[in-house]
Every structure is written in C-alpha cells, then in structure tokens.
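*Asks:* sequence-free structure coming up:
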C-alpha cells in the first residue's frame with residue numbers, strides 16, 4: 001500500500017533564522033510572515049532548535065523593569081534540542097510527536113539533519129480529507145486483494161465519514177484479524193467497525 005509521508009503534505013518553503021539572529025529580528029520575522037515559531041539553523045543548515053513567540057514573551061517577562069543584558073540571539077532564546085520529524089516518516093508518526101510534545105508544527109529534516117520543510121497539524125488533516133469512495137477502493141484493492149488474497153466477493157466494505165465497517169466472512173480467522181488491523185493503517189481511516197466472521201479458526205489460544 002502507498003503510505004502518505006510527511007514530505008507529501010509538508011510546506012517546503014520555510015522561514016528560518018540562524019543562531020546569531022537577534023531578538024528584534026526574530027520578532028520582526030515572526031510578524032512579517034505571520035508565523036508563531038521558526039526553526040533555528042546552524043551554518044550548515046542543520047536544525048538546532050526552535051524559537052517561538054512564547055520564548056520571546058517569556059524572556060521579556062523575565063527582564064521586565066530592567067534592561068535586557070547584552071544582545072540576545074536565537075541561540076539564547078530557542079528551545080533545544082528541536083523536536084523534528086524525518087521527511088520520509090508516515091504522517092501518523094508526525095501526529096504522535098505533536099501530541100506527545102504539545103506542539104502544533106514540526107521542522108522536517110532529511111537524513112542528514114538539514115531542514116527540508118515544516119509540517120503542521122493542518123497539513124496532517126489533509127490526509128483525512130480523502131473521500132469515502134477512495135478509502136473503500138484502497139481497502140478492497142490493496143488490503144483485501146493484493147495483501148491478503150481473500151475472496152472479496154464475501155466481504156463488504158462500507159465507509160461513512162472515514163469510519164469503515166467490514167462485514168461478511170473470511171476463510172480463516174487470522175485473515176479477518178489482519179484485515180481489520182491493516183484497514184486501520186489506511187490513510188484517512190478514522191475508525192474500523194469489525195463485523196467479520198470466518199469459516200475456520202486457525203489461531204492459537206494466545207491470539208484469541
């Protein structure tokens with residue numbers, strides 16, 4: 001099955017700053033581009049951190065009523081190490097990282113740590129904008145026919161708002177379980193309702 005990866009949904013043109021970019025220039029960059037955070041790069045284009053509006057506000061509050069010491073730069077202000085995702089990672093991995101770290105976007109890097117793009121929660125939602133017919137077609141073709149080699153005439157696939165209902169019969173119980181698990185991994189599937197039965201139980205006690 002073709003899997004949607006981060007590179008398929010990410011934004012490739014990314015606003016970034018370097019470690020030496022000063023406080024004022026960072027603030028102006030955020031305002032000018034209408035973004036709330038930017039990746040911080042070293043001289044070779046590697047992502048070394050992320051600096052956000054929250055980082056700037058936090059530092060301003062810390063220095064409230066007193067002059068800011070020295071010329072603060074992105075390297076002083078950024079959150080590091082940066083939480084990043086690889087360009088070839090599945091979109092579900094990016095979603096889990098965002099949820100775990102409580103962030104709305106992630107810098108995307110290639111295999112050498114260079115910035116390749118940025119992916120946001122909104123970008124990930126594109127995956128779930130697939131039509132129900134498209135989802136059903138992929139399940140029948142790629143999950144049932146090509147991967148499991150089951151008799152599709154005995155299985156019904158119904159999709160409504162991304163929720164898939166699998167019903168009918170398989171020859172083997174293991175195939176029924178695999179069909180459900182693989183269907184859950186299809187891009188755009190929100191949930192799976194398992195109404196499958198089988199002719200022969202070929203599972204062991206530990207699998208039931």
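*Replies:* Sure thing, it's come through. What you are looking at is a predicted structure, and each value in this text was computed from that prediction instead of being measured. Residues are numbered from 1 along each chain as shown.
*Asks:* only C-alpha atoms for contact and neighbour calcs from this point on.
*Replies:* OK.
*Asks:* now the helix or strand bottoming out on mean pLDDT in the chain: buried residues?
*Replies:* With mean pLDDT, DSSP states H and E as the measure, the helix or strand of the chain carrying the lowest mean pLDDT is helix 53-62 (a mean of 81). Buried positions in helix 53-62, judged by neighbour count with 16 or more other CA atoms under 10 Å: 53, 55, 56, 59.
*Asks:* from those residues, which is closest to residue 120?
*Replies:* Taking CA to CA as the measure, residue 53 is the one of these closest to residue 120, at 16.3 Å.
*Asks:* right, and the closest one touches residue 34 too?
*Replies:* No: checked against CA atoms under 8 Å, the pair residue 53 and residue 34 is beyond contact range at 11.0 Å.
*Asks:* before we move on, the earlier item: so what touches the least confident helix or strand of the chain?
*Replies:* 23, 27, 30, 36, 37, 77, 78, 79 (CA atoms under 8 Å, 6 or more residues apart in numbering).
*Asks:* the third one: neighbour count?
*Replies:* Going back to what we said before, that points to residue 30. Neighbour count for residue 30, taken as other CA atoms under 10 Å: 18.
*Asks:* so can I have JSON lines of the buried residues of helix 53-62 showing distance to residue 135?
*Replies:* Conversion of the buried residues of helix 53-62 to JSON lines gives the following (distance: CA to CA, whole Å):
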{"residue": "53", "distance to residue 135": "39"}
{"residue": "55", "distance to residue 135": "41"}
{"residue": "56", "distance to residue 135": "44"}
{"residue": "59", "distance to residue 135": "47"}
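*Asks:* nothing else from me, thank you.
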